[in-house]
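Participant: what follows is a protein structure lacking sequence information:
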Ligand SMILES: Nc1ncnc2c1ncn2[C@@H]1O[C@H](COP(=O)(O)OP(=O)(O)OP(=O)(O)O)[C@@H](O)[C@H]1O
Ligand SMILES: Nc1ncnc2c1ncn2[C@@H]1O[C@H](COP(=O)(O)OP(=O)(O)OP(=O)(O)O)[C@@H](O)[C@H]1O
Ligand SMILES: O=C(O)CCCC[C@@H]1SC[C@@H]2NC(=O)N[C@@H]21
Ligand SMILES: [Mg+2]
Ligand SMILES: [Mg+2]
C-alpha cells in the first residue's frame, strides 16, 4: 500500500513516533499562539531547516507536498493586499506553511506500522468502548480493501461502458455502494470463520 | 469478406501500471467461433478488454469491422461483451430496467425499449421476470439475464469471458446450446479446453503471447499435455510483476 | 470413535428471509473425505455455513466433535473453512499479517505467531512472500495463501466451498495433490462430480434435501445421468424463491 | 460485531475510493471533492453510529499518513491546513445524516436527501466555516461567503445521496442498515 512515508532515510526516521507526535502537537500550539511576522518567519525557517536535514531529494518531496496550498497563498495574499493588511496576511501564511511543513515532516519520517501503534496506544483509555485490537483490525481491513473495492468499481465502470457510449458518471455509485455492502457481509463471515473480532 | 471485416490487431500492446501485460500482438480474427485458452493471469481478460475498446492499446492499433472500438457509439452495434461475473455487470434493480438500458443507449425511446423488452421476455417464456428484483435470481439465471441484455442489443460479435465458470452442468448445457444457435460471431475465453472443442480457431495465450493458434484438434491436445506437465511439477513460487 | 465424533445435524433446518432453504436434516458425517454435490442454488453453501456455525439452525441442533459450532473460539481448533472466493477471505494487507492472524486468534503471542509464520513460509519455500502485499498475488497464489492460513491453525476438519472454481488445470492438480496429502477430515463442496471421485462418501443435495447419500461409485453416475437429463430439457423458467 | 466492523471498514474504503474522482481546486485551499458525497452515504446507508465511525476510521488512516484524500493528499499536514474544519465536521455530519434517516418515516430517497442536506451541508458547513475563519484569519461572515462556492455541488451531492440510498433500498432492502 502506498504511504506518504519517505523512502529517503533521515535522522527523524530513528526518533520514536510517540515523542515526534508530542513535539508536533506542542509546536503547533506554539505556532497558533504566535502572531508576529518575525518569530513566525524564524519558525518557518526552522521547519525548512529541519526538513532540509533529510537532503535534497527529501526536501523537494516535502515542498511538493505543500503544493496544494499554492492557490490558497494566492488568495490570502491578494485579499490582504486589497484590504491593505499585508502583515496579517503574512502571519496567516507563515503560520500555516510552518505548521503543515512540520506535520508533513512527521508523516514522512514515521513508518505506517509505528503510526498505527501510536494510534492504538492512544485508544487504550477507550478500551471499554473500543478495543485497541479491534481498531487495529479495522485499520488493516480498510487498507486491505481499498484496492479491492477500487477494482470492483473499475469493473462496474467497464460493464457500463460495454453497453453505453456515455460515461457512467454518478450512476456507477449505486452499484459501487452495493459492492461495498456485499463485500462487508462476506468479509464479516470470513472473519467469524476465523474466530471473530475482539476478545 | 473485406479487409475491414473482423477484429484486427496491429502490433497492439497493453502496459498497465508499468507492467507489459500484452506484448505487441498482430492478429486478424474473422472466424465465426473463436476460443481463447490460457492459464490464470495469462492475459485473456486483458486481450478481451483491448479488443472491446474498454482499454486503449499502449502502442499499435485495434479495429473491429473497420471501426476503432474506442468510438463507443459506433461500436455498440458491432460488439457485445459478457463479463465473467454477472455480479459485476448488472447495473439495475429489476430485470426490465437492466434489459432496457442497452436499448436506450442505442438511442431508442423509452416506449420502444419497453416494447422490445416485453417482447423478448415473452419470446423466452419469461414474461413474469419483468418486475422481478435481480437479486432474487439464482447465479445461473443472472448469467442468463446478462446474455439476454446483450442479445437484445443485437451486436455482430459477442465476446464471452468464461461464460461457464461456476455454473452447474445442466445450465452449462443449456447455455451452450443457446450460444451454438446464435448467428453472431462468438469469441469465448476459457481456461477449460473441453468447452472450446467445437470452435473454428483457438488461440492459446501464455504470458500475454500467442503460444499457439490453429484449429482445436491441433491446439487443444497440445494445451492439455502442457498443462498436465506443469501440473505435475511443484507449485511455482515466483511472484507476479 | 465416540458419539460426539464428527459433525452431527439433528433435524437442523435453515430459513432465510422467510424462505426455507434447508428443510430439517439429520446427518452424521464422520468419514475422512466427504463430498457435497448439487446444482446451483441447491443449498450447498448454506449447509456448509450451517455446519460451520456461521448461521444458526432455525430449528434443530448442530454439533462438531461434540461442540456447538456457534462458539467460534472453541470451534477454531476443530474447524477451518476455505471459502469459494479468496478475495473475501484474505483480511490483511500483507501475507505475514494474514497468516499470523489465525494464530493470534488461537491465543498465541505475537512473537510466537511470527515465528510460526516464518517457519511455515520457509517450509513451503516461500519466505520471500512474507512482506508481499496480498493484492499482488495471482488468483492461484491467493487461493494457496487462504489454504495455508487455515492449515497453520491446524483444525481437525476443513470445509472447502468449490475449492477449484476459476482455477486453471495445473493449479487444480497441485491443489488437489496438496489436499489429498492432508491428514485432516475434508468436506468438499462442488458442482463438478469429477473432482469428488475419490471421496469416501457423497451427499447429493437437491433443493435443500439430501437426494442421495453413499459412495461415489453409486452417487456420481446417478448424478451425472440426472444432470444430463435436465440439461437436455429446455431451461427452467421458474424463479428461485 | 463482525458485521459492524466490516461495514465500517468497507465504507471507510469507499470514501477513499471516491477520492480517486478528480477534485476541483478552489483558491481557498479546500477542494470540491466527491468525498463529501461519501460522508453523506456513510450516514444515510450505515446509519448514525456506524456511519460516523466509518468516517472516523477514514480520518485516522489519513492522519497516520495514507494519501487517501482527493488528489492523493494525507498525513498530519492536512489537519493543519484550511480543510481542518470540514475534516472535523465529517464524522458529525455523517452522524446527523444517519440519525435523520433512522428517525423519520419519509420515503427512503427523500429522507436520505433531507438527511444529507442537514448533516452533509448545514452541520458540516458550520464546522467548515469555523475552520476557514480560524485558518484564514477571516470573520465568520467572510468565511461563509467563501463556503458558498461549495453549495451548488453539495446540493447536487445531497440529491444524489438520496437517489443512491433509494437504489440500494430497492436492490438490497436488507442491506440498508440505516433502515434495517
Ligand atoms: N490494472 C492492472 N495493473 C497491473 N496488472 C494487471 C492489471 N490488470 C491485470 N493485471 C495483470 O495482468 C495479468 C493478466 O491478467 P488477466 O486478467 O488478463 O488474466 P486472465 O488470463 O484473464 O486470468 P484469469 O484466468 O485468472 O481470469 C495478470 O498477471 C494480472 O495480475
Ligand atoms: N440470505 C438469503 N436470503 C434468501 N435466500 C437466500 C439467502 N442466501 C441464499 N439464499 C437462497 O438459498 C438457495 C441456496 O443457496 P446456496 O448459496 O446455499 O446454494 P449453492 O448450492 O451453494 O449454489 P451455488 O452452486 O450457486 O453456489 C438459493 O436459492 C439462494 O438464492
Ligand atoms: O481537503 C480535503 O480534501 C477535504 C476537504 C473537505 C472539502 C469540503 S466538504 C464540504 C465542501 N464540499 C466540497 O466539495 N468540498 C468542501
Ligand atoms: Mg480473466
Ligand atoms: Mg455455493
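Facilitator: Done, it's in. From a predicted model like this one, the values you see are computed outputs, not experimental measurements. Ligands and ions are numbered 1, 2, ... in the order given.

Participant: just the pLDDT at the most centrally placed residue in chain D, thanks.
Facilitator: Geometric centre of chain D, nearest residue: residue D:39, 2.3 Å, by CA atoms, centre = their mean. According to the prediction, residue D:39 has pLDDT 97.

Participant: what distance separates the host helix or strand of it from the middle of the whole chain?
Facilitator: Element membership for residue D:39, per DSSP states H and E: helix D:35-46. Relative to the chain's own centre, helix D:35-46 is displaced by 5 Å; criterion: CA atoms, centre = their mean, to the nearest Å.

Participant: right, and the helix or strand after it?
Facilitator: Under the assignment DSSP H and E, the closest C-terminal helix or strand after helix D:35-46 is helix D:48-63.

Participant: any low-confidence regions in the chain?
Facilitator: Here I'm looking at chain A. Applying pLDDT under 70 to chain A flags residues A:1-2, A:198-199.

Participant: wrong one, I was asking about chain D
Facilitator: Counting by pLDDT under 70, chain D contains no low-confidence segment.

Participant: name the residue of it that lies nearest to chain C.
Facilitator: Nearest residue of chain D to chain C: residue D:174, at 7.3 Å (CB to the nearest CB). All C-beta atoms are positioned from the backbone trio N, CA, C, and that covers glycine.

Participant: what about whatever helix or strand residue B:80 lives in and chain C, any contact?
Facilitator: When secondary structure is defined by DSSP H and E, residue B:80 falls within strand B:79-82. No - no part of strand B:79-82 sits near chain C under the criterion CB under 8 Å from any CB of the partner chain; the closest distance found is 15.8 Å.

Participant: just checking, what packs against that strand?
Facilitator: With contacts defined as 3 or more CB pairs under 8 Å, 6 or more residues apart in numbering or on different chains; DSSP states H and E, the secondary structure elements packing on strand B:79-82 are helix A:132-163, helix B:139-151, strand B:157-161.

Participant: out of the ones you listed, which is closest to residue D:29?
Facilitator: Distances from residue D:29 to each of the helices and strands packed on strand B:79-82 were compared by CB to CB, and the smallest falls on helix A:132-163, at 25.2 Å.

Participant: which other helices and strands does the closest one contact?
Facilitator: Using 3+ CB pairs under 8 Å, 6+ apart as the contact criterion, the secondary-structure elements in contact with helix A:132-163 are helix A:112-122, helix A:173-193, strand B:79-82, helix B:95-105, helix D:2-18, helix D:48-63.

Participant: which of the residues in it are buried?
Facilitator: Applying a neighbour-count criterion of 16 or more other CB atoms under 10 Å in any protein chain shown, one finds A:132, A:134-135, A:137-150, A:152-153, A:155-163 buried in helix A:132-163.

Participant: quick one: residues contacting residue 176.
Facilitator: Answering for chain A, as no chain was given. Applying CB atoms under 8 Å, 6 or more residues apart in numbering or on different chains, one finds that residue A:176 lies in contact with A:149, A:152-153, A:156, D:14, D:17.

Participant: actually, chain B is the one I wanted.
Facilitator: B:164, B:195.

Participant: please, where are all the strands along chain B?
Facilitator: Listed from the start of the chain, chain B has strands (DSSP state E) covering B:7-16, B:19-29, B:33-38, B:59-64, B:79-82, B:157-161, B:185-190, B:201-206, B:209-214.

Participant: please read the previous query as pertaining to chain D.
Facilitator: Going by DSSP E, chain D shows no strands.

Participant: so what's the residue in chain A that ligand 3 sits nearest to closest to, chain neighbours aside?
Facilitator: Proximity to ligand 3, evaluated over chain A using CB to the nearest ligand atom, is greatest for residue A:68 at 7.9 Å. Closest residue to residue A:68 in three dimensions, ignoring its sequence neighbours and counting by CB to CB, 6 or more residues apart in numbering or on different chains: residue D:73, at 6.0 Å.
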